[in-house]
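Chemist: Starting from these lines, generate the structure:
(one chain, ligands or ions: 1)
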Amino acid sequence: MGEQTPSADDLQPLELYVLRGCPYCRRVERRLELLDLEYVTHDVPRRHANRTTVAELSGQTEVPVLVDPNTGLDGLAESSDIVAYLEETYDYPDGVDPNRGLLARLRSFFG
Ligand SMILES: N[C@@H](CCC(=O)N[C@@H](CS)C(=O)NCC(=O)O)C(=O)O
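Modeler: I've put the predicted structure just below:
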């Protein structure tokens, strides 16, 4: 249970800056889906020099970059940091991380 979890009723969609086919972006999108969070994606240009919006938001030009209007988070980069932020801020729909559930099941299976 994240202490600062914004109320689920009036959540605004999160915004994710992505590049088509980017595995780091996909990883973050999957986490957003597991957390049942609405989000919109913005495709960034292929050329780094043209990625002015993500550069302004995050001070660098790699994607993914997350903006969360619910908490005022502006331009968080690094997929691992984004996943950690999402897990700290939001709760899973049934209160259980599905991945941890799988690990727990595997552990019990292998004794
Ligand atoms: N360590 C970063 C890696 C991100 C990364 O390498 N993103 C790629 C896209 S998959 C990127 O923006 N690379 C620059 C480019 O493709 O032009 C993360 O986990 O977010």
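Chemist: and the gap between Leu35 and the ligand?
Modeler: When distances are taken as C-beta to the nearest ligand atom, to the nearest Å, Leu35 and the ligand turn out to be 18 Å apart. C-beta coordinates here come from the backbone N, C-alpha and C atoms, glycine included.
Chemist: next one: Asn50
Modeler: From Asn50 across to the ligand, the span is 10 Å (C-beta to the nearest ligand atom).
Chemist: For Val44, see how far away that residue is.
Modeler: Shown here: Asn50 relative to Val44, a distance of 8 Å by C-beta to C-beta, to the nearest Å.
Chemist: which one of those two has more residues nearby?
Modeler: Val44 (24 against 11; other C-beta atoms under 10 Å).
Chemist: Please look at that one and Val63 and confirm they touch.
Modeler: Yes - if you go by C-beta atoms under 8 Å, Val44 and Val63 touch, sitting 5.5 Å apart.
Chemist: who touches both of those two?
Modeler: Here Val44 and Val63 share the contacting residues 17-19, 51, 54, scored by C-beta atoms under 8 Å, 6 or more residues apart in numbering.
Chemist: Make JSON lines out of those and add neighbour count.
Modeler: As requested, these are arranged in JSON lines below (neighbours: other C-beta atoms under 10 Å):
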{"residue": "Tyr17", "neighbour count": "23"}
{"residue": "Val18", "neighbour count": "19"}
{"residue": "Leu19", "neighbour count": "16"}
{"residue": "Arg51", "neighbour count": "21"}
{"residue": "Val54", "neighbour count": "24"}
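Chemist: Thanks again, I'm all set now.
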